[in-house]
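Participant: Quick one: sequence plus predicted model below, questions after.
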Amino acid sequence: MERFELPEDPLAADLDQFIERHHLTERGRALDRAPGFPRPEFEAMGAAGWLGLTTPPGFGGRGLPVARAGVLLHRLGYRSGTIFSKLSLQPEFCSVLREVGSERLIDQWFRPLVAGRRLVGNQITEPGAGSDANAIGLSARRGEGGYQLSGEKSEIAFALEADAAIVYGQVQDGPTGVSTFLVPQDGAGIVRRAVGTDLGERWQQRGSVTYSNAPVPTEARLGEEGRGFSYVRSELTRERALLAAIYLGVARASWVETVTHVGERSAFGRPLSANQAVAFPLVEDGADLDAAWLYVQRTLGRLDDGEEAEGQAAQAKSMATRVALRVLDHAIQFHGGHGYSNDLPFEQRWRDVRSGAIAHGSTEIMDLVAARKLWPRRPPT
Ligand SMILES: Cc1cc2nc3c(=O)[nH]c(=O)nc-3n(C[C@H](O)[C@H](O)[C@H](O)COP(=O)(O)OP(=O)(O)OC[C@H]3O[C@@H](n4cnc5c(N)ncnc54)[C@H](O)[C@@H]3O)c2cc1C
């Protein structure tokens with residue numbers, strides 16, 4: 001086997017120490033069995049600077065180039081799965097707050113988020129609007145000093161746990177387009193409830209949030225009315241490329257473990273790896289992991305260079321998810337009966353990574369984003 005080494009970074013040793021000191025690998029496994037939001041680890045990550053890797057230092061982050069953040073998140077995914085690497089991205093998922101929120105809101109919510117003291121979520125999806133986010137129906141009715149929000153948000157991560165959320169809605173009798181509000185989740189007119197049990201990423205404890213004439217002050221609006229999606233576009237591009245780095249890290253760990261296993265495990269008097277039916281898929285997986293990683297790195301590099309990369313980031317996420325799921329499926333398969341059990345980490349990793357094909361834009365919508373770059377939409381003639 002060619003020796004595999006994780007991509008290096010000056011912060012890699014610090015990160016490895018942090019992972020070990022806080023037992024993130026074991027905690028990630030435990031959180032699958034007993035789901036809950038990992039507040040102590042969230043606080044520790046904030047205190048040690050592992051939240052908001054790309055967040056500018058003026059807002060409490062490390063201000064790393066996205067390509068370096070990708071290397072570190074890949075490493076975190078490799079060592080401890082998706083949970084803490086995704087948690088590290090939470091300030092990235094809330095970039096719109098720091099980009100167009102008022103100083104007061106930033107002080108109250110964004111800086112504490114980066115410090116691991118307050119959890120801020122995102123609420124876009126509704127029972128009647130997911131991929132087609134422009135169909136959002138939550139209404140914001142103008143009133144004295146602000147707005148009243150009414151409507152339901154569904155499929156929401158941290159529905160019960162978030163201290164505040166960035167909520168997307170339509171201003172009644174306002175401009176066309178979606179508007180964005182920062183809403184503390186303990187306010188009047190807000191009801192939150194847990195829904196079902198997820199296939200993976202159970203720690204996010206998704207649920208729904210209902211707003212019934214919930215009052216929010218004018219200052220809670222992020223940017224201008226109707227411009228919500230224009231603000232969030234570059235954030236989505238960065239986060240998709242960074243998520244791709246995470247999924248490939250998780251898959252890479254599983255591939256390395258599987259390559260080792262099939263070299264050691266014997267059946268019919270020879271190692272499993274002596275069978276082409278076992279060896280060849282793993283050889284192909286190794287090449288696909290490398291290829292996908294190069295594509296992700298190139299995309300992250302484009303972002304650092306200030307180049308447009310919306311289509312590439314969308315493809316990075318769908319490619320990484322596809323490759324990772326196949327690698328994880330092979331990991332389960334070639335570990336045999338034991339691989340199917342939660343005694344080994346592969347089934348959880350498969351379940352966790354599976355969300356990558358749906359959340360933050362489904363694979364089909366990622367293809368649509370990339371296709372629109374090849375064939376830009378023309379106004380109807
Ligand atoms: C783990 C997880 C966490 C999530 N967290 C959040 C959160 O915190 N906040 C939030 O707002 N949302 C969250 N979501 C919701 C997620 O963003 C949506 O589920 C996703 O955008 C898809 O929307 P939908 O569920 O309504 O599916 P639909 O839009 O109904 O799509 C169903 C299927 O149809 C396909 N499809 C739709 N339109 C097209 C088209 N034009 N061409 C081809 N195929 C199409 C989709 O790709 C998908 O496969 C989360 C989802 C998951 C799984």
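Facilitator: Received it, and whenever you're ready, just let me know what you need.
Participant: count of residues packed around the closest residue to the ligand within the chain?
Facilitator: Going by CB to the nearest ligand atom, the ligand is nearest to Gly130 of the chain, at 1.7 Å. All C-beta spots, glycine's among them, are computed from the backbone N, C-alpha and C. For Gly130, the neighbour count with other CB atoms under 10 Å is 17.
Participant: Kindly report the same for Glu201.
Facilitator: 24.
Participant: Same check on Ala44?
Facilitator: 18.
Participant: Quick check: the residue of the chain closest to the ligand touching Lys153?
Facilitator: No. Between Gly130 and Lys153 there is no contact under CB atoms under 8 Å: 11.0 Å.
Participant: For the helix or strand harbouring Gln348, name the packing helices and strands.
Facilitator: Assigned by DSSP states H and E, Gln348 falls within helix 346-354. Where contact means 3 or more CB pairs under 8 Å, 6 or more residues apart in numbering; DSSP states H and E, helix 346-354 is packed against helix 24-33, helix 82-88, helix 228-264, helix 310-334.
Participant: so what does the first one touch, helix or strand wise?
Facilitator: In this case it means helix 24-33. Secondary-structure packing of helix 24-33 (3+ CB pairs under 8 Å, 6+ apart): helix 66-80, helix 82-88, helix 346-354.
Participant: now do 7 Å
Facilitator: helix 66-80, helix 82-88 (3 or more CB pairs under 7 Å, 6 or more residues apart in numbering; DSSP states H and E).
Participant: quick one: Glu219 and Val100 touch, right?
Facilitator: No. Counting by CB atoms under 7 Å, Glu219 does not reach Val100; the two are 12.0 Å apart.
Participant: re the thing from before, I'd like the helices and strands packed on helix 24-33 as JSON lines, with distance to Thr381 and mean pLDDT appended.
Facilitator: Putting those into JSON lines (distance: least, CB to CB, whole Å; pLDDT from 0 to 100) gives the following:
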{"stretch": "helix 66-80", "distance to Thr381": "39", "mean pLDDT": "98"}
{"stretch": "helix 82-88", "distance to Thr381": "44", "mean pLDDT": "98"}
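Participant: Rebuild the ones you listed as JSON lines, extending it with distance to Leu325 and mean neighbour count.
Facilitator: Below are the helices and strands packed on helix 24-33 laid out as JSON lines (distance: least, CB to CB, whole Å; neighbours: other CB atoms under 10 Å):
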{"stretch": "helix 66-80", "distance to Leu325": "14", "mean neighbour count": "26"}
{"stretch": "helix 82-88", "distance to Leu325": "13", "mean neighbour count": "26"}
